[in-house]
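> Let me see the structure of the following:
(one chain, ligands or ions: 1)
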Amino acid sequence: MELLNIKRLELEKKKVFIRCDFNVPMDEFGNISDDRRIRSALATINFCLDQDCAVILASHLGRPKGEVDKKYSLAPVARRLHHLLKREVVLADDVVGDDALAKIEAMKCCDILLLENLRFEVGETVNDKELSAKLADMADIYINDAFGVSHRAHASVEGITHFFDDAHKAAGFLLEKEIRFFGKLINKPVRPFAAIVGGSKVSGKLEALTNLLPKVDKIFIGGGMAFTFLKQMGYNIGASLVEDDLLEDAQDVMDEAKKLGVKLYLPVDVIAADKFSEDAVSKIVTAQEIPDAWMGLDIGPATVRLYREGLSDVQTVLWNGPMGVYEMEKFARGSSKIAHFVADSYATTVVGGGDTADLVQRIGLDEEMSFISTGGGASLELLEGKILPGVASLIVPK
Ligand code: AMP
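Numbering: from 1, shown residues only. Down below sits the predicted model:
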C-alpha cells in the first residue's frame with residue numbers, strides 16, 4: 001500500500017494543516033511524562049517549515065467529551081513544542097472559534113499555530129461534516145501524521161480528507177513510517193515470529209488475536225486477559241479479571257492455534273493479591289491454585305522462565321499489552337523481566353504502543369527496541385488487516 005507522499009506536495013508559502021497525535025501521558029501535576037509522540041511529529045513539522053509554510057497543528061488530548069475542560073488544554077504541549085522546535089508556538093483559545101480564525105488570518109510564513117484540543121468540539125468524535133469543513137477551510141494542504149488516532153473516523157482524521165484532492169493532501173513522515181513498518185511485519189516477518197499479547201481484556205484484542213494466529217509461530221498471553229483463557233481451561237481463577245461472555249471465543253482461539261500449529265503459551269503461575277492495591281498482600285501461586293477472592297495481577301517467576309525459553313529462538317517479536325498491572329511496582333516485575341529479555345535479544349522487536357510503550361520507557365529500554373509504535377489501538381487494527389479510516393483516502397490509487 002503506497003500513501004500520498006508529502007514530498008510531492010507543492011508546499012511553498014502555503015498554509016498547512018497537520019493533524020498530529022499529541023495525546024501524551026501527563027502526571028498528576030499536568031507535566032508531560034513521555035513526549036515521544038510530540039518528538040515523533042517534528043520531522044513533518046520541520047519539513048513544512050523548511051518550505052516556508054505557515055503551520056496549523058491540531059490534536060486531541062484525553063477525553064474531554066465535547067466541551068471545554070481546561071484540564072485537557074494543549075497548553076503544556078505548546079510549551080514542549082516551543083522547546084523542541086526552538087520557535088514560537090502560538091496556542092489558539094479555541095478550535096474553530098473566533099480566536100483560532102483570527103490567529104489563522106494573521107498567520108505569516110513560518111508561523112506555527114496550535115489549535116486547542118480538538119475534542120473540545122462535540123463534532124470531532126462523531127465525524128461531523130460541518131466541523132471537518134471548518135477545519136479544512138483553514139488551510140491549503142492537509143497532512144495526517146497522527147498514526148495513533150488513524151483508526152478513528154473522526155472529523156479531523158477522516159472527514160477532513162474529503163475536502164482536499166490528492167494534490168493537496170498527504171501522509172506525514174510518521175504515519176508513513178508506521179504503515180510501512182507494520183505492512184512489512186505482517187507480510188514478510190523473519191521467522192520464528194512471536195506475538196506477546198497482554199493487557200486487561202480479551203475483548204479489545206480478540207480480533208487481533210484471531211488475525212495474528214495465521215501469521216505467527218508462537219503466541220504468549222499475559223495480563224488480565226490470560227484469566228479468561230485459564231477459566232475456560234477449567235482453572236479456578238479466584239477474583240481475577242475475567243470476561244465470562246468471551247469464554248467460548250477464548251476456546252476458539254486455543255482450537256485455532258492448535259489447528260494451525262501455533263504454539264500458544266499461557267501463564268503457569270501468577271502473583272496473586274488479596275486486593276487491587278499497591279499495599280495488597282501478595283503471593284506466588286500456580287495458575288491452578290489461585291485462592292478464592294484473590295486476584296492474579298502479574299505473571300509469576302515460572303511463567304517468566306517459560307516465556308523466556310519459548311522466546312529464545314524467535315527472530316521477530318511483536319509485543320502489545322503488559323503482563324501485569326505494571327503501574328504498581330509490586331506487579332511490574334513480570335512485564336519488566338520480559339521487557340529486558342526481549343530488549344536483549346537479537347530479534348526484531350516491535351512494541352505496539354500505548355501501555356506497552358509506556359512500560360518499556362519507564363524501565364529505560366525504549367532505545368533497545370527495534371520499533372516502538374505511537375499507536376496501540378491503530379497498530380492492532382492494522383494487524384487485524386483493516387484499512388484505517390484516516391489512511392483510506394491517502395492511499396495512492398492503483
Ligand atoms: P490494555 O489497555 O487492554 O492494553 O490494558 C492495559 C492495562 O491492563 C494496564 O493498565 C494494566 O494495569 C492492566 N492489567 C494488566 N494485567 C492485569 C491483571 N492481571 N489484572 C488487571 N489488570 C491488568
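> Hmm, Asp21 and Leu61 touching each other?
No. Leu61 is beyond contact range of Asp21, at 9.6 Å (criterion: C-beta atoms under 8 Å). For the C-beta atoms, the positions are set from N, CA and C on the backbone; glycine is no exception.
> Contact distance from the ligand - what residues of this protein qualify?
Applying C-beta under 6 Å from any ligand atom, one finds that the chain approaches the ligand through 199-201, 204, 223-224, 241, 296-297, 321-322, 324-325, 327, 354-355.
> nearest to Phe147, of those residues?
Closest approach to Phe147 among those (C-beta to C-beta): Gly354, at 12.1 Å.
> mind checking how far Val68 is from Gly62?
Using C-beta to C-beta, to the nearest Å, Val68 is found at 13 Å from Gly62.
> Report the contact partners of Lys15.
Residues near Lys15 by C-beta atoms under 8 Å, 6 or more residues apart in numbering: Cys53, Ala54, Ile56, Ile104, Met107, Met138, Ala139, Asp140, Ile141.
> Which residue comes closest to it once chain neighbours are left out?
Take Lys15 and drop its neighbours on the chain: the residue closest to it by C-beta to C-beta, 6 or more residues apart in numbering is Ala139, 4.4 Å away.
> Which of the helices or strands spans that neighbour?
If you go by DSSP states H and E, Ala139 is not part of any helix or strand.
> what are the ranges of the strands in the stretch 101-250 of the chain?
112-114, 141-144, 169-171, 193-197, 218-221 (DSSP state E, counting those that start in this stretch).
> what about the ones you listed, which gets the closest to Lys7?
Among the strands of the stretch 101-250 of the chain, strand 169-171 sits nearest to Lys7 (C-beta to C-beta), with 8.3 Å.
> excluding its backbone neighbours, what's nearest whatever residue of the chain ends up closest to the ligand?
Per C-beta to the nearest ligand atom, Gly199 is where the chain lies closest to the ligand, at 2.5 Å. The spatially closest residue to Gly199, leaving aside those adjacent along the chain, is Gly321, at 2.9 Å (C-beta to C-beta, 6+ apart).
> what about stretch 364-384, start to end distance?
Stretch 364-384 stretches 29 Å from its first residue to its last (C-alpha to C-alpha, to the nearest Å).
> next one: stretch 71-90
19 Å.
> buried stuff in it?
Buried residues in stretch 71-90, defined by neighbour count with 16 or more other C-beta atoms under 10 Å: Tyr72, Ser73, Leu74, Pro76, Val77, Ala78, Arg80, Leu81, His82, Leu84, Leu85, Val89.
> can you tell me which two in the residues you listed are farthest apart?
Across the buried residues of stretch 71-90, no pair lies farther apart than Tyr72 and Leu85, at 22.1 Å, counting by C-beta to C-beta.
> shouldn't Asp99 be in contact with Ala92?
Yes. Checked against C-beta under 8 Å, the pair Asp99 and Ala92 is within contact range at 5.3 Å.
> more crowded one of those two?
A count of neighbours by other C-beta atoms under 10 Å puts Ala92 above the other of Asp99 and Ala92, at 23 against 15.
> re the thing from before, can you put the strands of the stretch 101-250 of the chain in JSON lines and add mean pLDDT, distance to Pro301 and mean neighbour count?
Shown next, in JSON lines, are these (pLDDT from 0 to 100; distance: least, C-beta to C-beta, whole Å; neighbours: other C-beta atoms under 10 Å):
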{"stretch": "strand 112-114", "mean pLDDT": "98", "distance to Pro301": "47", "mean neighbour count": "23"}
{"stretch": "strand 141-144", "mean pLDDT": "98", "distance to Pro301": "44", "mean neighbour count": "27"}
{"stretch": "strand 169-171", "mean pLDDT": "98", "distance to Pro301": "44", "mean neighbour count": "25"}
{"stretch": "strand 193-197", "mean pLDDT": "96", "distance to Pro301": "17", "mean neighbour count": "26"}
{"stretch": "strand 218-221", "mean pLDDT": "98", "distance to Pro301": "15", "mean neighbour count": "24"}
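> of all these, which lies closest to Phe47?
strand 141-144 (9.3 Å).
> Direction included, what does the closest one pair up with?
Take DSSP bridges as the rule and strand 141-144 pairs in its sheet with strand 15-19 (parallel), strand 169-171 (parallel).
> would CSV of the ones you listed with distance to Glu28 be doable?
CSV is the format used below for the strands paired with strand 141-144 (distance: least, C-beta to C-beta, whole Å):
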stretch, distance to Glu28
strand 15-19, 28
strand 169-171, 35
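> Of these, give the one that comes closest to Lys231.
strand 15-19 (41.5 Å).
> The next helix or strand along the chain from that closest one - contacts with which helices or strands?
Later in the chain than strand 15-19, the nearest helix or strand by DSSP H and E is helix 36-40. Judged by 3 or more C-beta pairs under 8 Å, 6 or more residues apart in numbering; DSSP states H and E, the packing partners of helix 36-40 are helix 75-85.
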